[in-house]
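Chemist: build me a structure from this.
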Amino acid sequence: MTRNSVGKMMGINDSPATSIDQTVDLELHDMAHGGRALGRHEGMVVFVPFGIPGERVLARIYHKHKRYAEAEIIDIITPSQDRVIPKCPYFGVCGGCHYQHIRYDRQLEIKRHIVESLLSRIGGFRDIKVLPTIPSPREYYYRNSARFLCGQQGDLGFTDWRSNSFIKVDTCPIMDEKINEVLQHIQGHGLPGENVRVRYSRQKDELVIWPKLSVDLETGQQFHTQVLLGREFRVSATSFFQVNTLQAENLIRIALDELEPLEGKTVVDAYCGVGTFTRFIAERAELTIGIEESPSATADFRYNMQGLKAKLIEGRAEKELGRLPNNIDRLLLDPPRTGCEPEALETILELAPEKIVYVSCDPATLARDLKVLCSTGAYRLKKVQPVDMFPQTFHIETIASLELL
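Modeler: Next up is the predicted model:
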């Protein structure tokens, strides 16, 4: 996240920043969605990266907007008991992680609190208790996928959050150990202007290194096999798949529990991807309909659903939902970070399935969409469960369960 995106992340439309250089003493009292601690100076909210609520810090304000300011920590006067030493040598420069300086159990509570706060502030839900965040089985080395940027000399790395410039990296402690091993072989051999994606299946010990590179490893694989709850999924090099395999299994279990009973039901899995949820729903339901627009994902879906009562509709969920019959019993939504478009939400209200399970990777857009679904009185928000798919980062996966009134 760049410095100029802070207001956008918080939903604040404000004037351009004024560059200043002012040192202030701040008490940090909360954590904002986006990974920054909050303080106040002369009545103005100040966003401070790499702080922790409860700390007192000396900070330098470098950007001042009409309604908020941005600052960086110069010194920690009173450190939090939850502050720990980051594992990554690039932490604080690389834009991938935001919470490595925070003890893991506190990260989980912060994420629960953020979901609850956004549901209240954006969604208008005042009496919803958000359940404790389900911890990841692995706090580090959990990612089965990495997408490396390529520098001018073929170096591989990520982005400096402060300047958006390229930084070379030789290790990443949130990536699977195998991906770090691969990085040692392919470092310096990237193709300038192209990203390099490395994907790994721990259960099958299979790799995808894309695109094809001139290295001493096999590269350019078209797909690999991931395993969830004992079922195998073909995943193409360019198809989306959950990056935290072990935690994805918890996600599936919760979604299935909330959709039950499924026997004799017609279920729609919108934004179904390669069929991660569809596979398990189709084993229980009378009919399962997946909706997906990605060509690679739809090809994987067909392969993964062989022998099951599952139908695929290729196209944008926003359009295809409106073409469904009015006998839908269950609906699973797993949209991109931008959430559902207004026309999709309108159609869902018209379809009126008995149960909706909404899987979200952005609690702000989740809160916005739940407000639309519940504000008419058609649905009741029954359960909100954060699931930590992305330890050490501010990103939050959340499952919301709704029932028709």
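Chemist: state the helix or strand in which residue 131 lies.
Modeler: Residue 131 is located outside every helix and strand, with elements delineated by DSSP states H and E.
Chemist: for it, which non-adjacent residue is closest in space?
Modeler: Counting by C-beta to C-beta, 6 or more residues apart in numbering, residue 131 lies nearest to residue 385, which is 4.9 Å off, once chain neighbours are set aside. C-beta: built from backbone N, CA, C; applies to glycine.
Chemist: and if you look at residue 272?
Modeler: Nearest one to residue 272, counting by C-beta to C-beta, 6+ apart, is residue 290 at 3.5 Å.
Chemist: assess the claim that the one you found and residue 301 are in contact.
Modeler: Yes - under the criterion of C-beta atoms under 8 Å, residue 290 makes contact with residue 301 at 5.9 Å.
Chemist: how far away is residue 366 from residue 193?
Modeler: Distance, residue 366 to residue 193, using C-beta to C-beta, to the nearest Å: 35 Å.
Chemist: ok, the two, which is more surrounded?
Modeler: Set residue 366 next to residue 193 and count neighbours by other C-beta atoms under 10 Å: residue 366 wins out with 28 against 8.
Chemist: the more buried one: what secondary structure?
Modeler: Following DSSP: H, G, I helix; E, B strand; the rest coil, we place residue 366 in the helix state.
Chemist: got it, and the one 4 residues further on?
Modeler: Residue 370 carries the three-state label helix when classified by three-state DSSP.
Chemist: tell me who's in contact with it.
Modeler: 119, 123, 125, 358, 381, 400, 402 (C-beta atoms under 8 Å, 6 or more residues apart in numbering).
Chemist: which one of those residues has the most neighbours?
Modeler: Counting by other C-beta under 10 Å, top hit in the contacts of residue 370: residue 400 with 28 neighbours.
Chemist: how about the nearest residue to it, chain neighbours excluded?
Modeler: residue 358 (4.5 Å).
Chemist: against residue 275, how distant is the residue nearest the centre of the chain?
Modeler: Nearest to the geometric centre of the chain sits residue 361, at 3.8 Å (C-alpha atoms, centre = their mean). Using C-beta to C-beta, residue 361 is found at 18 Å from residue 275.
Chemist: try residue 268
Modeler: 13 Å.
Chemist: find the nearest non-adjacent residue to residue 169, please.
Modeler: residue 157 is the one closest to residue 169 (C-beta to C-beta, 6+ apart), at 4.5 Å.
Chemist: each with direction, which strands does the helix or strand containing the one you found pair with?
Modeler: Assessed by DSSP H and E, residue 157 sits inside strand 156-159. Strand pairing for strand 156-159, using DSSP bridges, gives strand 145-150 (antiparallel), strand 166-168 (antiparallel).
Chemist: verify the stated contact: residue 64 with residue 20.
Modeler: Yes - between residue 64 and residue 20 there is a contact at 5.2 Å, judged by C-beta under 8 Å.
Chemist: who has more neighbours, these two?
Modeler: Comparing residue 64 with residue 20 by other C-beta under 10 Å, the one with more neighbours is residue 64, at 19 against 11.
Chemist: so what pairs up with the more buried one in the strands?
Modeler: Applying DSSP bridges, one finds that residue 64 bridges with residue 18, residue 69.
Chemist: that one and residue 164, how far apart?
Modeler: Relative to residue 164, and taking C-beta to C-beta, residue 64 is found at 21 Å.
Chemist: before we move on, what about residue 66?
Modeler: 24 Å.
Chemist: same check, this time on residue 244
Modeler: Relative to residue 164, residue 244 is positioned 26 Å away (C-beta to C-beta).
Chemist: contacting residues for residue 296?
Modeler: 236-239.
Chemist: can you put those residues in CSV and add pLDDT?
Modeler: Shown next, in CSV, are the contacts of residue 296 (pLDDT from 0 to 100):
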residue, pLDDT
236, 97
237, 95
238, 94
239, 97
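Chemist: could you turn the buried ones of those into a ChimeraX selection?
Modeler: A single ChimeraX command selects the buried members of the contacts of residue 296 (16 or more other C-beta atoms under 10 Å):
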select :236,237,239
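Chemist: and which of the contacts of residue 296 is nearest residue 259?
Modeler: Residue 259 lies nearest to residue 239 out of these, by C-beta to C-beta, at 23.3 Å.
Chemist: the closest one - that's part of a helix, no?
Modeler: No - applying three-state DSSP, one finds residue 239 to be coil, outside a helix.
Chemist: coming back round to it: return the subset of the contacts of residue 370 lying in strands.
Modeler: Using DSSP state E, 358, 381, 400, 402 are the members of the contacts of residue 370 that sit in strands.
Chemist: how many neighbouring residues does residue 177 have?
Modeler: Neighbours around residue 177, by other C-beta under 10 Å: 12.
Chemist: ok, now the one 3 residues further on?
Modeler: Residue 180 is surrounded by 18 other residues when neighbours are defined as other C-beta under 10 Å.
Chemist: what sits closest to it if chain neighbours are left out?
Modeler: residue 171 (5.5 Å).
Chemist: would you say the one you found is within a strand?
Modeler: No - per three-state DSSP, residue 171 lies outside any strand segment and is coil.
Chemist: for residue 350, helix, strand, or coil?
Modeler: Residue 350 - assigned by three-state DSSP - is helix.
Chemist: how much space between it and residue 326?
Modeler: Counting by C-beta to C-beta - residue 350 and residue 326 are separated by 8 Å.
Chemist: which one's more surrounded, the two?
Modeler: A count of neighbours by other C-beta under 10 Å puts residue 350 above the other of residue 350 and residue 326, at 12 against 8.
Chemist: what sits against the more buried one?
Modeler: Applying C-beta under 8 Å, 6+ apart to residue 350 gives the contacts residue 326.
Chemist: the chain should start at 817 in everything you say after this.
Modeler: Sure, I'll start counting at 817 from here, so that last one is residue 1166.
Chemist: what segments of the stretch 1067-1216 of the chain are helices?
Modeler: Remark: helices assigned in the stretch 1067-1216 of the chain by DSSP state H, counting those that start in this stretch are 1094-1098, 1111-1120, 1133-1136, 1158-1167, 1179-1191.
Chemist: okay, the ones you listed, which one's buried deepest?
Modeler: helix 1094-1098 (a mean of 25; mean count of other C-beta atoms under 10 Å).
Chemist: what helices and strands are in contact with that one?
Modeler: Under the contact definition 3 or more C-beta pairs under 8 Å, 6 or more residues apart in numbering; DSSP states H and E, helix 1094-1098 sits against strand 1047-1052, helix 1061-1075, strand 1082-1086, strand 1103-1108, strand 1126-1130.
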